[in-house]
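>>> give me the fold of what follows.
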Amino acid sequence: MSQLSFFLVVLLGWEWGVSVCTLAVPVAVSTLASAMSGISVLRATWSPRYVQKVSSLTTCKRKATTSQICPFQTLVGGPFPIINMGLGAAASSLLSGKSHNCFREQQKFHSRSSLGDEALISELKDQEQLQVSEDDWGSSEGNGAVVQESFPSGELEYHKIEGWNRFVMQLKLLIALPWQRVKKGSVLKMKLSSKITEQVQTRFSRGVSLSQICQNLIKAAYDPRISGVYLQVDPLDCGWGKIDEIRRHILFYKKSGKFIVGYMAVGGEKEYYLVRACGELFVPPSAYITLYGLKVQATFIGGVLEKLGVEPQIQRIGKYKSIGDALSRKDMSEANREMLTSLLDDIFDNWLEGTALFNGKTKNDVKKLLEEGIFEVDRLKQDGWLTDIKYDDEVHTLLKEKLGVKADKDISYVDSKKYSRVKPWTLNLYQGKDQIAVLRAVGGISRARIGINIVGDGIVSDEFIQKIRQARDGKNFKAVILRIDSPGGDALASDLIWRELRLLASKKPLIASMVDVAASGGYYMAMGAGVIVAENLTLTGSIGVVTGKFNLGQLYGKVGFTKEILSRGRFAEITAEQRRFRPDEAELFAKSAQNAYMGFRDKAALSRSMAVEKMEAVAQGRVWTGKAAKEKGLVDAIGGFSKAVAIAKQQAGIPQEMEVKLVELSRQSPSIRAIFQSGMETLSMLFDLLRTDAGTKLLHDILQGKILFDETTSGIQARMENLTVRGLYDDSSSTFTH
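Residues are numbered from 1 along each chain as shown. Purely as a prediction, here's the structure:
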């Protein structure tokens, strides 16, 4: 008995310690991106014995060049509303190097992480481990994929907890902190709507994060207190990569044998594709279910600017870099049409296949559904596209039957946000001794925050570099997973981040895992990793640059605005917006942009062990889906977060059956905006409550010092759960801005 008491005390102390540490550790937010500078990429893979064997390791010697200060800002990224006309330095050194082959042990590779490229190559030559041919630059015949016998599948496998492990788990649940307790027989109620972010959210955040959704499904599968899941899906604001990740975890949860019921009142193809994975799908009689097909569109403001008297002078390198088209054209270019058609076909084919699979039908059946334009839910039920037509209260009655709850009793629900407080270790999850760090790079890339410090909005290079160094220097981290959901951004910031990632990859395995988008700067960031993993429909690639300025001369003339400039230096007025480029200025402008592009392209070729000519064929600013990118050699494997974890374990020499502890390094601190919004919502709720008789009585009881009983508290909690903010319904079409 004394031993059991001691065991309980230890567990309780550990639980409180973990909770205090969780509350005490402040973490800043950032994300990652791309760059354009001329420093070599060392691509490598690690065997299960943690010995690096590189079949085709390409390095390059840095060419000594005079750095050029470009009088404009080079943008390495996805959608930008305007071209930055400010003065900026473009990191655009041109690469020059040779192709090498080498084998070396991992420990030696780590010890030389601080060496420069020249010193590293020289040392390897001295050891006769590096075969150098001065004339075979770019002679690699591979398509860029990592040369490896096989990657682990990374499939989520469900293992029933029994025996001693189950007894330990029951003890942990018994001593759980009050805010982590869940009533036995509860139903996890998850509502997915609006934006789903890759970034880990705080308690003040309004939305939900992808990791929160997926972890809740994993925990619910093992939690003996959870009997089922009720998933409600409204119009979503996220990409197809996140949709596939959530679907993957729904399928894992179903392996536990517990029920999961889906409900959708409003939705299109994306929402249906997700919720149909539940198996059971219910909709109300008046549901707006629009299964008409997918579309992609491009918008152009060239005509608008022309009428205003604004002339965009755009320099884009890469015929597919279509952001220049949006500013200067009135219609779609053939290159842009080719790219968007390819993306649309890949997404549409994936949707057809997934929809057919979960409905037990053929792809032709799904095509027929779209062609008929069915909007009546009765027809959808009749043809087997959903389970039944029921209102929300009728679904609750159905859930009572599944749970064996009497009609006059209520179901015990636990909402997703509250369930997120349940620690995985209490369910015997992620208890491994070995640790893998997780960095999340989300949003556009910049060098500094602008205006109010709104933590979590985008990737700030200085902040994110600190996280990279923390992962690199952490002795307990056996490997690092870099989750990327970024369209790119500032070139210099991207280059600084890439350099730090390269240094990290020289010390321990670094796996890049792409989410919705990892294009341009986002892809450039991934190039620093040893292995790149993408979802089937991740938007990636976009290896290209675009820059420019607006000539506002005609607009100034229309409104009577004038400007005179005094300058010294031939190109001092290159950014002057009241006139066009002079011929010599236009030439310098074009050469600088071309130099930046070549640096980006050549570094991509080096990192993928690919000939420059082959990289040029897949670059030129073209966006690819993850599936197509793998075929072109731009990524190494298809899968989600679990796939990245499996590969990280493989490269760090951790057996696949062994659990690991995942350490989040990008957990964001509460932002001023999030706290303010949360406070305003709470005040609004209280004002609404005080307008009622019950609210007035509640205030009177509080002022009188009376104790609030469970009935009153439950009412307040129910009110909070039902508070939602609804926007205009999106038609679920896919729009790409590039």
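>>> in stretch 548-562, what's buried?
Gly548, Lys549, Phe550, Asn551, Leu552, Gly553, Leu555, Tyr556 (16 or more other C-beta atoms under 10 Å). From N, CA and C alone the C-beta is placed, and that goes for glycine too.
>>> looking at the residues you listed, which are in helices?
If you go by DSSP state H, the buried residues of stretch 548-562 have Gly553, Leu555, Tyr556 in helices.
>>> the second one - nearest residue in space that isn't next to it in sequence?
The reference is to Leu555. Spatial nearest neighbour of Leu555, excluding adjacent residues (C-beta to C-beta, 6 or more residues apart in numbering): Gly309 at 3.8 Å.
>>> okay, the one you found: pLDDT?
The model reports Gly309 with a pLDDT of 94.
>>> please name the residues that touch it.
Contacts here follow C-beta atoms under 8 Å, 6 or more residues apart in numbering; on that basis Gly309 touches Leu552, Gly553, Gln554, Leu555, Tyr556, Gly557, Lys558.
>>> wait, the third one touches Glu311, no?
In other words, Gln554. Yes: counting by C-beta atoms under 8 Å, Gln554 touches Glu311, with 7.1 Å between them.
>>> please enumerate the shared neighbours of the two.
Among the neighbours of Gln554, none is also in contact with Glu311 (C-beta under 8 Å, 6+ apart).
>>> state the pLDDT value of the closest residue to Leu308 other than its chain neighbours.
Excluding its sequence neighbours, the residue lying closest to Leu308 (C-beta to C-beta, 6+ apart) is Leu555, at 5.7 Å. We have a pLDDT of 94 for Leu555.
>>> all helices for the stretch 501-650 of the chain, in order.
521-526, 553-559, 583-607, 612-618, 626-631, 641-651 (DSSP state H, counting those that start in this stretch).
>>> mind listing what's buried in the fifth one?
Spelled out, that is helix 626-631. Gly626, Lys627, Ala628, Ala629, Lys630.
>>> what's the answer for the fourth one, then?
Residues of helix 612-618 classed as buried by neighbour count (16+ other C-beta under 10 Å): Val612, Lys614, Met615, Glu616, Val618.
>>> now stretch 584-600
Buried residues in stretch 584-600 (16+ other C-beta under 10 Å): Glu585, Leu588, Phe589, Ser592, Ala593, Asn595, Ala596, Tyr597, Met598, Gly599, Phe600.
>>> again, but for stretch 357-377
Going by neighbour count (16+ other C-beta under 10 Å), the buried part of stretch 357-377 is Phe358, Asn359, Lys361, Asp365, Val366, Leu369, Leu370, Ile374, Val377.
>>> from memory Thr625 sits against Ala518, does it?
No: Thr625 is beyond contact range of Ala518, at 11.5 Å (criterion: C-beta under 8 Å).
>>> who touches both of those two?
By C-beta under 8 Å, 6+ apart, Thr625 and Ala518 have these common neighbours: Thr538, Leu539, Thr540.
>>> how near is the residue nearest to the first one when sequence neighbours are not counted to Lys219?
Here the nearest residue to Thr538 in space, its sequence neighbours aside, is Gly626; by C-beta to C-beta, 6+ apart that works out to 3.8 Å. As defined by C-beta to C-beta, to the nearest Å, Gly626 lies at a distance of 28 Å from Lys219.
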